[in-house]
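Visitor: Here is a sequence with its predicted model. Questions after.
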Amino acid sequence: MAAADRVSLEPAWVLHHYPYRDSSLLLEIFTREHGRVGLVARGARAAKGRWHNQLQKLQPLLLSWTMRGELGTLTGVDSRAMPAVYSGRQVLCACYLNELLLRLLRRHDPHPGLFDAYELAVAALSSSEEQALRCFEKHMLQELGYGLLLDQEADSGAPIDADALYEYRLERGPVRCRQAAGDGIYLSGASLLALQEEKLDGQQACREVKTLMRAALGLYLGARPLKTRAVLQQLASLSRTEAPSAGTAGAKS
């Protein structure tokens, strides 16, 4: 972060918060111009604290703070808009996005484009969970310098053929093949183009793209599993057990 230690009315989202000392919170926030920032919100846990219940996830905020070293001190909280109402599964999906940011972003590393993609993803959760998650994952990889090749073949440079089958090799890109063999990542050209155009309408595209994104993110997440992914998988398993004839219930990250 620059030498200036005061920030005023910065668009932000709370990614996570932890109890801190007797009545305070330690916040991890995501901001447009300053990236991920750690802040101490003094007295925020007190019943009569000035920010009691304001510092919640999924609330678009304007935050002000002063910075001293690695952690800042929160000085002001304003709302940017009325928070939307989400189902329990949608809240978990948002927590999954937050966990990706916490795991993959360094503090004080601005990514304005990723901030905009996050806001779009949060807004889209109420209408299309699967598309919101996959598109955000794609933008995150791009912002971190690990963007996927989706519109042309890795070996020939030819445009992707929607009717062809491809093996996606993570260090290179999609390679045309005749049939799936072994443990590779296989998906249709139509699925690659659907992710490129951010129009994941069909079940096949959603299924194949999810497999690709999980493998691509796994290169950078390491061996430690995502907590929210495990919870979403458990919920999906319970839904299939309790209502096997209802079809697939919701998105799984």
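Guide: It's in.
Visitor: And the helix or strand Met140 falls within, what does it pack against?
Guide: According to DSSP states H and E, Met140 maps onto helix 129-143. Under the contact definition 3 or more CB pairs under 8 Å, 6 or more residues apart in numbering; DSSP states H and E, helix 129-143 sits against helix 88-104, helix 112-124, helix 189-197, helix 203-221. Any C-beta I mention is one placed from the backbone N, CA and C, and that applies to glycine too.
Visitor: ok, now with 7 Å
Guide: Judged by 3 or more CB pairs under 7 Å, 6 or more residues apart in numbering; DSSP states H and E, helix 129-143 is in contact with helix 88-104, helix 112-124, helix 203-221.
Visitor: Dump those helices to JSON lines, plus mean neighbour count, distance to Leu9 and mean pLDDT.
Guide: Listed next are the helices and strands packed on helix 129-143 as JSON lines, based on neighbours: other CB atoms under 10 Å; distance: least, CB to CB, whole Å; pLDDT from 0 to 100:
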{"stretch": "helix 88-104", "mean neighbour count": "19", "distance to Leu9": "21", "mean pLDDT": "93"}
{"stretch": "helix 112-124", "mean neighbour count": "18", "distance to Leu9": "15", "mean pLDDT": "96"}
{"stretch": "helix 203-221", "mean neighbour count": "17", "distance to Leu9": "33", "mean pLDDT": "94"}
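Visitor: For Asp78, find the nearest of these.
Guide: With CB to CB as the measure, helix 112-124 is the member of those nearest Asp78 (16.6 Å).
Visitor: What are the contacting residues of the closest one?
Guide: 13, 30, 32-33, 58, 94, 97, 131-132, 135-136, 139-140, 143 (CB atoms under 7 Å, 6 or more residues apart in numbering).
Visitor: To Asp183, which of the helices and strands packed on helix 129-143 lies closest?
Guide: helix 203-221 (10.4 Å).
Visitor: quick one, that closest one and helix 189-197 angle?
Guide: In terms of direction (axes from the mean of the first three to the mean of the last three CA atoms, to 10 degrees), helix 203-221 departs from helix 189-197 by 60 degrees.
Visitor: Quick one: low-confidence residue ranges for the stretch 151-253 of the chain.
Guide: For the stretch 151-253 of the chain, applying pLDDT under 70 flags the ranges 232-253.
Visitor: ok, back up a step: tell me the two of the contacts of helix 112-124 that are most distant?
Guide: Using CB to CB, the two most remote members of the contacts of helix 112-124 are Glu33 and Gln131, lying 27.3 Å apart.
Visitor: Of those two, which one has the most company?
Guide: Between Glu33 and Gln131, counted using other CB atoms under 10 Å, the more crowded position is Gln131 (22 against 13).
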